[in-house]
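# Generate a structure from the sequence data that follows.
(chains A, B, C and D)
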There are 2 protein chains.
Amino acid sequence: MADVARLAGVSSMTVSRVLSGYPGVRQETRARVEEAIGALGYRVHTAARTLAGGSSGTIGVISVGASHYGPSSTVFSIAAAAREFDRSTTVVILAKIGEGSIRQAIEHLQSTHVEGIIVNAFVQTAVDALSRIDTDLPLVVLCGDQAPGHPSVAVDQRAGARLATRHLLELGHATVHHVRGPSGWIDAAGRAAGWREELGSWGRRPPRAHTGDWSAQSGYAAGQRIAADPSITAVFVANDHMALGVLRALHEAGRRVGDDVSIVGFDDIAESAFSIPPLTTVRQDFDTVGREGLSLLLRAIDGRAGDTHITVEPRLIVRNSTDAATSARRRAPTG
Amino acid sequence: MADVARLAGVSSMTVSRVLSGYPGVRQETRARVEEAIGALGYRVHTAARTLAGGSSGTIGVISVGASHYGPSSTVFSIAAAAREFDRSTTVVILAKIGEGSIRQAIEHLQSTHVEGIIVNAFVQTAVDALSRIDTDLPLVVLCGDQAPGHPSVAVDQRAGARLATRHLLELGHATVHHVRGPSGWIDAAGRAAGWREELGSWGRRPPRAHTGDWSAQSGYAAGQRIAADPSITAVFVANDHMALGVLRALHEAGRRVGDDVSIVGFDDIAESAFSIPPLTTVRQDFDTVGREGLSLLLRAIDGRAGDTHITVEPRLIVRNSTDAATSARRRAPTG
DNA sequence: ACTGTAGCTGATACCGCTAACATCAATCGG
DNA sequence: CCGATTGATGTTAGCGGTATCAGCTACAGT
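Prediction:
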């Protein structure tokens, strides 16, 4: 930096001002400095800037492991969006989620002086922990519900589940069964609640839900139980991976999906359009969630986020795994 | 830090020594310092440490977008492994891959003073660019082949492809067709080469390969062309997403996979075990790749990586999409 | 001509830590 | 018993920026 200053014939302070976009620098001086920067291939030393009280230009992201589709795509969206806003992204992957590990992750990020943190909080434990953590660092929560105490971005899980359930009911199914995600996960609870609500608003009593762990394996197991009950004609499965497992179990049991039984998933993963049959599902736009999360965090860093809660609406994608319940209506108890 | 020193009755230098694990500190002194650290809830200021010449404790990861299964799971493995080694991870997601963008990403990471960089280089362009980039920063390349000029970790794509092809030939198929990945991708080239080699070693002339873009959509399109040719009894598809598309196209055309036609995929994504029928595939252990990549980088940082190239062997997972080619042998031209 | 003000730039003092060397006591070989 | 060595700790001087305030010029108002 001293070299740049010398070459441009100014003090290092002026160079600093040019770099941080301070307006009160003469056009001509600015040009000279920028030329010197270019000529010397100079780049700021982030650590020095951070130490001297400037901003680190880095935001922290805390998330659970890679195995889940939603969380990981969100992290990538955040990283990509951050880059567009000239921010670095430091990612902390939590092996297991607990108040301790989250607190530790936040402290870790704090010691690296990130400007703010986005937490991918997909389990209730995480949200609870966050509501108890009071850091002065700007913090945005991404989750399936409004997070108390911090600005948040969420896909409306309940609305999505209602969309799915309503679609099945409108096709004429007497009732809709549900394979839910594991307890403790916010999205699992939200989707189950939406399913229950929609059934309720149609005056149907929700049957007992099956529970999976998001994996295709667990969906397969649930699917086997579902196949064994011929009265079931419509199933809303809490995510696409499990839905694919259900599809296969039904297929093996000789029940034709989209004909004997209708299935709706959730997420719209890339494979769902090409499953056999193509899966009707609820699309969540994780990219939007990530980007909105980042822009909310940047607002929070500027102190003007307040207590904003952004809701992203999911969308029903109708494919061939659902169809009018002609045969179903004949067989099922009238609803 | 000065407070800690005061409370422990030592100089700040001793605190620094305790923090960085310098051995020449008396046990008793060390204990006193650690106690003070705990009492004051002190944490190092990473930027200050970096500035003063210590290590930043951060490693950089450069990767392509989120849409591809392999790259993204690898990034997560790296981040998780890094955390176990008390390193932060700064992730740069490249919107588009070119020499310019990679160089820019490296420079960006350099200005944040990462200790080293892991590049997820899945396209040839990236590897070429890297071989031309000569940075003094330790740099490890993850890719489908040995990267010249830098230590690297790779899954042996050729071996995986040969495994898949051999499996099909051993089942009695006269020849094996191939749906390859997009040109420019190292893995696509490696798998195609392995397929060609294995066919060659059985004295079969490789048929013309179909080309997809890794997506299920493109696999579906290829599948339709394959279904139209009744002489095809065995297909090796370059990744599972495309294979699922092929599966569906064949299904729609009324060709029974695992009976009329055998399909082998590559990757072993979570859904493959539950496709209809379950997909025989080649498993790549991305977690191992990520971890080996990190440990190689840590060795490189210590200056003892040399020109190591680690190869991770893939594994054939046999499921129901492949079966003895009884009907095929009758129909196909003798090979 | 003099003061006031605005606009631009410079000098200086840190930010919190570590490298390098200095210091001091204890131990050791001859 | 003395100089040399070793081990534990302290002192000093930055690392490369930015905050703060001071200084200088040009111009307007009186």
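# Extract the C-alpha set from the helix or strand hosting A:Ala129 and format it as CSV.
Using DSSP states H and E, A:Ala129 sits within helix A:124-132. Backbone C-alpha positions of helix A:124-132 (Å, rounded to 0.1, in the frame of the first residue of the first chain) are rendered in CSV as follows:
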residue,chain,number,x,y,z
GLN,A,124,-36.4,-27.0,16.4
THR,A,125,-33.5,-27.4,18.8
ALA,A,126,-31.5,-25.0,16.7
VAL,A,127,-34.2,-22.4,16.6
ASP,A,128,-34.7,-22.7,20.4
ALA,A,129,-31.0,-22.4,20.9
LEU,A,130,-30.8,-19.3,18.7
SER,A,131,-33.7,-17.6,20.5
ARG,A,132,-31.6,-17.9,23.7
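# Can you name every helix or strand that the very next helix or strand once past that helix contacts?
Next helix or strand after helix A:124-132 toward the C-terminus (DSSP H and E): strand A:139-142. Secondary-structure packing of strand A:139-142 (3 or more C-beta pairs under 8 Å, 6 or more residues apart in numbering or on different chains; DSSP states H and E): strand A:116-120, helix A:124-132, strand A:152-155, helix A:286-301. All C-beta atoms are positioned from the backbone trio N, CA, C, and that covers glycine.
# and chain B, which of these is closest to it?
Shortest distance between chain B and these, using C-beta to the nearest C-beta, is found for helix A:286-301: 8.5 Å.
# And the strands in chain A?
Ranges of strands in chain A, per DSSP state E, are A:58-63, A:88-93, A:116-120, A:139-142, A:152-155, A:177-180, A:210-211, A:234-237, A:262-264, A:281-283, A:309-312, A:315-317.
# Over the second one, what's the mean pLDDT, rounded is fine.
It stands for strand A:88-93. Strand A:88-93 shows a mean pLDDT of 92.
# List of residues touching that strand?
If you take C-beta atoms under 8 Å, 6 or more residues apart in numbering or on different chains as the criterion, strand A:88-93 is touched by A:57-66, A:75, A:78-79, A:82-83, A:105, A:108-109, A:112, A:114, B:58, B:76, B:79-80, B:83, B:88-92, B:108, B:112.
# residues contacting whichever residue of chain A sits closest to DNA strand C?
Of all residues in chain A, A:Thr29 sits closest to DNA strand C, at 3.1 Å by C-beta to the nearest atom of the strand. Residues in contact with A:Thr29 (C-beta under 8 Å, 6+ apart) are A:8, A:10, A:14, A:18.
# Quick check: of those residues, which lies closest to B:Thr280?
Nearest to B:Thr280 among the contacts of A:Thr29, counting by C-beta to C-beta, is A:Val18 at 60.7 Å.
# rank the helices and strands packed on strand A:139-142 by pLDDT, which is bottom?
If these are sorted by mean pLDDT, helix A:124-132 sits at the bottom with a mean of 86.
# which helices and strands does it pack with?
helix A:99-111, strand A:139-142, helix A:186-201.
# among those, which is the most enclosed?
Sort the helices and strands packed on helix A:124-132 by mean neighbour count, taking mean count of other C-beta atoms under 10 Å in any protein chain shown, and strand A:139-142 sits at the top with a mean of 28.
# before we move on, back to that, please point out which parts of the helix holding A:Ala129 sit buried.
Of the residues in helix A:124-132, A:124-127, A:129-130 count as buried by neighbour count, 16 or more other C-beta atoms under 10 Å in any protein chain shown.
# contact partners of it?
A:97-99, A:102-103, A:119, A:121, A:139, A:141, A:143, A:145, A:147-150, A:184-186, A:189.
# switch the cut-off to 10 Å
With contacts defined as C-beta atoms under 10 Å, 6 or more residues apart in numbering or on different chains, helix A:124-132 is touched by A:62-64, A:94, A:96-103, A:106, A:117, A:119-121, A:123, A:139, A:141, A:143-150, A:152, A:183-186, A:188-189.
# burial measure for A:Gly41, as a count.
Here the number of neighbours of A:Gly41 (other C-beta atoms under 10 Å in any protein chain shown) works out to 8.
# And for A:Arg26?
A:Arg26: 9 neighbours (other C-beta under 10 Å).
# and it, what does it touch?
Applying C-beta under 10 Å, 6+ apart, one finds that A:Arg26 lies in contact with A:14, A:32.
# Need the nearest residue in space to A:Val114, chain neighbours excluded.
What sits nearest to A:Val114 in space, not counting adjacent residues and going by C-beta to C-beta, 6 or more residues apart in numbering or on different chains, is A:Gly60, at 4.0 Å.
# Dig out what the one you found forms beta bridges with.
A:Thr90, A:Ile117 (DSSP bridges).
# Could you tell me how far it is located from A:Gly190?
Distance of A:Gly60 to A:Gly190, given as C-beta to C-beta, to the nearest Å: 26 Å.
# for the residue lying closest to A:Glu313 once chain neighbours are set aside, phi and psi?
Leaving aside its chain neighbours, A:Glu313 sits nearest to A:Asp156 (5.8 Å; criterion: C-beta to C-beta, 6+ apart). Note on A:Asp156: backbone dihedrals following degrees, to the nearest 10 are phi -70, psi 90.
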